[in-house]
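A.B. asks: my questions are about this predicted structure, shown below with the sequence.
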Amino acid sequence: MERPVVRSESPVYVNRRLLTGWLLISVIVLVIMLSHRSDSTQVLGRYSSRYVLTLGTMFGFALLAALALWGERRGWLARVTIKLPQTRPVQAVVIVGSVAAPAAFWYLRPGSQNFPSELFHVYVLALLMSAIIWLLHQTGVAQQTVTRHEQIVLLILVVMMPLVLMAVFVTRVPPLSPNDEANQVDFIWTAAQTGEFFRHLNPVRPDSNLFITSYPLRRWLATTWLDVFGPGLLQLRTFYLVVGWVGLPFIYLTAKRLYGQMAALVSILIAGTLLLHHNYARPDVLVGVALAAGLYLFFKYRDDATPTKHIMIGFILALGIEGHTGYGIRFAGAVGAIYLWEALRTLMTTRRQSHDTRVLYYALGVAVYLAMFAVSRIIFVTGGDFSIDSTAQAFSDIYTLQNPGGTGFSLLKKINLHIDLYRQYLQFHPLEVLTLFASLLLALLRRTAADRALVIIFALGTAYLIPALAHTTDYIGTYYAIHWMPLTALMIGAAVAQLTGTLPAQLQAEKRDGFHIAGATVIVALVVLVTVDTRDFAERRISFNHLEFATIGQAIDRIVPDEMVIAGDSVYFLGMPRRTTYTGIATLVNVPLDEWRDGSPRLDEWSRFGIRAPQAIIVTVGRNFQPEIDDYIAANGLVAVRCFAHNLYGKQTILYMPEDFLPGDAPAHC
């Protein structure tokens, strides 16, 4: 049945609050842009000529916002009318343009690595989306309700597009974390093949630290997965994506319960996309999955008096510790703070503690899982061989200088760590960060109980990291954004629903049962936009990708005999993940030279797993400069036999082996 054309009688009107917000945001963006200093200072000794053009454009937007507010105060805007033809051809043109314009702008915008320019780009994108929503309302499609079948089509679209992006970009997005992901593949594959906890790339790490920080229960499933599909970055990242998708139905159902169908569709699109953007071959995704399931149960049973339901909520949220030993528990603590506040408020109101015991049952659920966590490490993993001292030391290593990159408890160092963390987060994910920030502000303005709860959980979870954050990692955004991915998806979904007028309260005020074609158009536009943003992430924002080293590792694996032990940076191992005769270059640095002799106790233990004195050394020029490496090469009479060119560090990798492997009179390609 053909949908009739519905004509809009809406005047062109914007309220003073909206215009004031636009002016305030414009001024803030302009001030931030003015504070920037370009690398090329051609104008006023501070800005490049290109940046001056961007500043001029931003000044024009700020002036336009000021004039609009002034005109509204004088009553001029109320007399302005713009009549658009409300015919099917015009509606079709506006819908197609609304889908294409945001993605085209985001993809064609000038590439930039500085925050003010990216802030300007997001500002322009927000204005463009606002103009699109206004146009869609003016053409009458905001009065045409989406049918049930069309909603199903939209649901399929927002589910399938992230799956397609995952299939295309799984190893390219996010950028490779050269040490962590290689170590994860090594550790899990070794466990799958031998049933023992040993890391070829870092065999000197204490077992007590290993079993506490590196063996969540879910990695038992990961070993099974690799046992079936084989080792490698692709296989392990795919496994964690599969695990992450377990949380998406909970995000969809939570968004639908709190903010309606429109928000649910946007939330699942955002969640699926962010799952890819933050999916490293690490178990952090389980923090997000536990939070997604816990939030659904919390909002569904929050006011229920049944004890078992609150025990279940606490148990599920505590499961996040399996995703990250140090940080995974923080959202369980944040939700617990809400329970505690409500219990105290009830106590102060009624003077009777028995009126609200939900917090006790919730705490019991958390305690039950923490007990299971401890038992799994003490009995299941170690077979009962447990030392309080070594376990305490293992936990201490997470937060102190003994953890590589750690900073102890110095407040100044913690502040610098957080600056570095969020700088990287913003550098790699500008659209996500700024949209999340705007969505948080809208949530605060809505002032509903659900919005307050989500903002509190996000704020407390973020505050937890202030004393707890131990280190950051170069070359990537952040491991930890996937922890709060459900909160990001829910708040962005709610913000889009609010801006398109499709929150349940807004629909009820307009006496409509479902959201409209304008909202559906915005969803399709977001699908195209996140697709373009993912491609932009892979092609422009990742300028330092270590995947090149995995390719070099494949070539080295073909040169070096299987029985010969190789020592090199962990990332090369990703090119030869089935090789057991490979150890990290840091092992040469950390183990004294005299302990590499045959018969040493250390080598006798490691030889069970294939690690003996290395006879092939991979040196990354510009990165591996420790004198212990040179001493080992000289002591074993190794020579450079082949060089590999690449685009990172010193732009060359050198393979050292015994002189017998030298091709001719000189090393190849050096």
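C.D. replies: That came in fine, so what should we check first?
A.B. asks: how about the nearest residue to the most centrally placed residue in the chain, chain neighbours excluded?
C.D. replies: In the chain, the residue lying closest to the centroid (C-alpha atoms, centre = their mean) is H278, at 3.2 Å. Using C-beta to C-beta, 6 or more residues apart in numbering and skipping the chain neighbours, the partner closest in space to H278 is I482 (3.8 Å). The way it works is simple: take the backbone N, C-alpha and C, and place the C-beta from them, glycine included.
A.B. asks: can you name the residues that contact the one you found?
C.D. replies: For I482, the contact set (C-beta atoms under 8 Å, 6 or more residues apart in numbering) comprises 244, 274-275, 278-279, 284-285, 287-288.
A.B. asks: report the buried residues of stretch 549-556.
C.D. replies: Applying a neighbour-count criterion of 16 or more other C-beta atoms under 10 Å, one finds 549-550, 552-553, 556 buried in stretch 549-556.
A.B. asks: brain fart, stretch 655-670
C.D. replies: In stretch 655-670, counting by 16+ other C-beta under 10 Å, buried: 655-657, 661, 667.
A.B. asks: averaged pLDDT, that stretch. What do you get?
C.D. replies: For stretch 655-670, mean pLDDT rounds to 86.
A.B. asks: endpoint to endpoint, that stretch covers what distance?
C.D. replies: In stretch 655-670, first residue to last residue: 10 Å (C-alpha to C-alpha, to the nearest Å).
A.B. asks: that one: how far from the chain's middle?
C.D. replies: The chain centroid and the centroid of stretch 655-670 are separated by 43 Å, computed with C-alpha atoms, centre = their mean, to the nearest Å.
A.B. asks: show the model's pLDDT score for the residue nearest to H278.
C.D. replies: Reported pLDDT at I482 in the predicted model: 97.
A.B. asks: what do you get for R377?
C.D. replies: With respect to pLDDT, R377 scores 69.
A.B. asks: for L136, same thing?
C.D. replies: pLDDT, read off for L136, is 88.
A.B. asks: quick check: buried residues in the one helix or strand it maps to?
C.D. replies: Taking DSSP states H and E as the definition, one finds L136 inside helix 115-138. Of all the residues in helix 115-138, those buried under the rule 16+ other C-beta under 10 Å are 115-129, 132-138.
A.B. asks: for Y425, grab the count of nearby residues.
C.D. replies: Other residues lying near Y425 total 20 when counted by other C-beta atoms under 10 Å.
A.B. asks: hmm, who's touching stretch 451-468?
C.D. replies: Against stretch 451-468 from outside (C-beta under 8 Å, 6+ apart): 295, 298-299, 326-327, 330-331, 333-335, 337-338, 399, 409, 414, 418, 421, 440, 443-444, 480, 483-484, 487, 490-491, 494.
A.B. asks: now with 6 Å?
C.D. replies: With C-beta atoms under 6 Å, 6 or more residues apart in numbering as the contact definition, stretch 451-468 has outside contacts at 330-331, 334, 337-338, 443, 487.
A.B. asks: returning to what we had before: strands - which of the buried residues of stretch 655-670 land there?
C.D. replies: 655-657 (DSSP state E).
A.B. asks: pretty sure the residue nearest to the centre of the chain sits against A481.
C.D. replies: Yes. If you go by C-beta atoms under 6 Å, H278 and A481 touch, sitting 4.8 Å apart.
A.B. asks: what do those two both touch?
C.D. replies: Counting by C-beta under 6 Å, 6+ apart, nothing touches both H278 and A481.
A.B. asks: can you report how many residues neighbour L253?
C.D. replies: 18.
A.B. asks: same deal with L297?
C.D. replies: 22.
A.B. asks: can I get the ones in strands among the buried residues of stretch 655-670 in a markdown table with distance to D227?
C.D. replies: Compiled in a markdown table, those are given as follows (distance: C-beta to C-beta, whole Å):
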| residue | distance to D227 |
| --- | --- |
| L655 | 31 |
| Y656 | 34 |
| M657 | 32 |
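A.B. asks: returning to what we had before: out of the buried residues of stretch 549-556, list just those in helices.
C.D. replies: Mapping the buried residues of stretch 549-556 onto helices (DSSP state H) picks out 549-550, 552-553, 556.
A.B. asks: most neighbours, which of the contacts of I482?
C.D. replies: G288 (33 neighbours).
A.B. asks: that older thread, list just the nearest of the buried residues of stretch 549-556 to I633.
C.D. replies: I556 (15.8 Å; C-beta to C-beta).
A.B. asks: ok, now which ones touch that closest one?
C.D. replies: I556 touches L655, counting by C-beta under 6 Å, 6+ apart.
A.B. asks: model confidence for it, exactly?
C.D. replies: So, for I556, pLDDT stands at 97.
A.B. asks: what's the separation between it and M564?
C.D. replies: 11 Å (C-beta to C-beta, to the nearest Å).
A.B. asks: how about L291?
C.D. replies: Taken as C-beta to C-beta, the span from L291 to M564 is 46 Å.
A.B. asks: so which of the two has more stuff around it?
C.D. replies: L291 (33 against 16).
A.B. asks: the more buried one: what's it in contact with?
C.D. replies: L291 makes contacts with 331, 486, as judged by C-beta under 6 Å, 6+ apart.
A.B. asks: what's the answer for L77, then?
C.D. replies: Counted by C-beta under 6 Å, 6+ apart, L77 has contacts G71.
A.B. asks: what strand or helix carries A470?
C.D. replies: Applying DSSP H and E, one finds A470 in no helix or strand.
A.B. asks: need the pLDDT of it.
C.D. replies: At A470, pLDDT is 78.
A.B. asks: any chance of the backbone angles for it?
C.D. replies: Here is the backbone geometry of A470 (degrees, to the nearest 10): phi -100, psi -30.
A.B. asks: and for it, the neighbour number?
C.D. replies: 21.
A.B. asks: where does pLDDT dip in the chain?
C.D. replies: Judged by pLDDT under 70, the chain has its weakly predicted residues at 1-14, 78-83, 205-219, 351-354, 377-410, 513.
A.B. asks: how far off centre is the one helix or strand F437 maps to?
C.D. replies: Here F437, judged by DSSP H and E, is contained in helix 430-446. Put simply, helix 430-446 sits 16 Å off its chain's centre (C-alpha atoms, centre = their mean).
A.B. asks: that helix vs helix 115-138, what angle?
C.D. replies: Angle between the axes of helix 430-446 and helix 115-138 is 60 degrees (criterion: axes from the mean of the first three to the mean of the last three C-alpha atoms, to 10 degrees).
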